[in-house]
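Chemist: Output the structure for:
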Amino acid sequence: MASYVYTPQGVCSRQITFDIEDGKLHNVSFTGGCPGNLQAIGRLLEGAEARETARRLKGNLCGGKGTSCADQLATAIEAALDQERERGAA
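Modeler: Below you'll find the model as predicted:
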């Protein structure tokens, strides 16, 4: 299981952490932001397919920010999957 830490930009949360194992998300957690909503996101995504989750969350916006915690999670997942692909190619 690979663990990832991401610093989101333009949102209230300060950090996103998650694990990916066999292409599935585990232990999605946000530091800062709206605790009830972000805890719910983490619970809903436990065991979800990482690539499909990123596709679904990408472009979800919060107010006039041009992004959201969910959108930033999508960006973090995409970066993690890119890292995994690069490691596999090495």
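
Chemist: hang on, residue 3 packs against residue 19?
Modeler: Yes - in terms of C-beta atoms under 8 Å, residue 3 counts as a neighbour of residue 19; the distance is 5.0 Å. In short, each C-beta sits where N, CA and C put it, glycine included.

Chemist: which one of those two has more residues nearby?
Modeler: residue 19 (16 against 12; other C-beta atoms under 10 Å).

Chemist: Make sure that one is indeed in a helix.
Modeler: No - counting by DSSP: H, G, I helix; E, B strand; the rest coil, residue 19 is located in no helix; its state is strand.

Chemist: Distance of it relative to residue 54?
Modeler: Plainly put, residue 19 is 15 Å away from residue 54 if you go by C-beta to C-beta, to the nearest Å.

Chemist: Just the strands from the chain, written as ranges.
Modeler: Assigned by DSSP state E, the chain shows strands spanning 2-6, 13-21, 24-32.

Chemist: could the ones you listed be laid out in CSV, adding mean pLDDT?
Modeler: Output for the strands of the chain, formatted as CSV (pLDDT from 0 to 100):
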stretch, mean pLDDT
strand 2-6, 97
strand 13-21, 98
strand 24-32, 98
